[in-house]
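Peer 1: Predicted coordinates and the sequence they were generated for:
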Amino acid sequence: MEVFESSEYVIAKAKLIHPYFADKGWFSTHGKNNCILINIAPDENANYTKSELANIISEAEDQSPRTGLIRSSITYIFFHHLLLVAKVTVLPGSEIDL
């Protein structure tokens, strides 16, 4: 797999949703290949389904301001105790994040 830098949109989105995850005690940051990495709090149970994680992503995005940038797909990668919990890819619903 080729490694590339994340788009400006993904980097901005990671910064804007960070406070939502920080309030939950989770750590989030952007990674390569249009990924946002999220570490679930170590003292929390991480038995989330992909559907539950998708709902959490939706809540985070709804509570963050829009970027005004051209959208790209984002893969959210959830970890707990350095173990992969799930990957959820969100495809852009429109061209620009307004």
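Peer 2: Sure thing, it's come through.

Peer 1: make it CA atoms for all contacts and neighbour counts henceforth
Peer 2: Fine.

Peer 1: pretty sure residue 14 contacts residue 29?
Peer 2: Yes - with contacts counted by C-alpha atoms under 8 Å, residue 14 reaches residue 29, the gap being 5.8 Å.

Peer 1: what's the overlap in contacts for those two?
Peer 2: Counting by C-alpha atoms under 8 Å, 6 or more residues apart in numbering, the contacts common to residue 14 and residue 29 are residue 36.

Peer 1: Does residue 29 touch residue 39 like I think?
Peer 2: No - between residue 29 and residue 39 no contact is recorded; they are 9.1 Å apart, counting by C-alpha under 8 Å.

Peer 1: which one of those two has more residues nearby?
Peer 2: Counting neighbours by other C-alpha atoms under 10 Å for residue 29 and for residue 39 shows that residue 39 has the greater number, 21 against 16.

Peer 1: Next one: the more buried one from residue 5, what distance?
Peer 2: 20 Å (C-alpha to C-alpha, to the nearest Å).

Peer 1: For stretch 81-92, buried residues please.
Peer 2: Going by neighbour count (16 or more other C-alpha atoms under 10 Å), the buried part of stretch 81-92 is 85, 87-88.

Peer 1: Now tell me what touches it from outside.
Peer 2: Outside of stretch 81-92, the residues within contact range by C-alpha under 8 Å, 6+ apart are 39-40, 42, 46, 48, 50, 53-54, 71-79.

Peer 1: Quick one, which of these are buried?
Peer 2: Among the contacts of stretch 81-92, those that count as buried by neighbour count (16+ other C-alpha under 10 Å) are 39-40, 46, 53-54, 71-79.

Peer 1: looking at this, residue 93 is in a helix?
Peer 2: No - judged by DSSP: H, G, I helix; E, B strand; the rest coil, residue 93 forms no part of a helix; its state is coil.

Peer 1: What about it, how many residues nearby?
Peer 2: The number of residues packed near residue 93 is 10, by other C-alpha under 10 Å.

Peer 1: Show the contacting residues for it.
Peer 2: Residue 93 neighbours (C-alpha under 8 Å, 6+ apart): none.

Peer 1: Nearest to residue 98, out of the buried ones among the contacts of stretch 81-92: which one, please.
Peer 2: Nearest to residue 98 among the buried ones among the contacts of stretch 81-92: residue 71, at 9.7 Å, using C-alpha to C-alpha.
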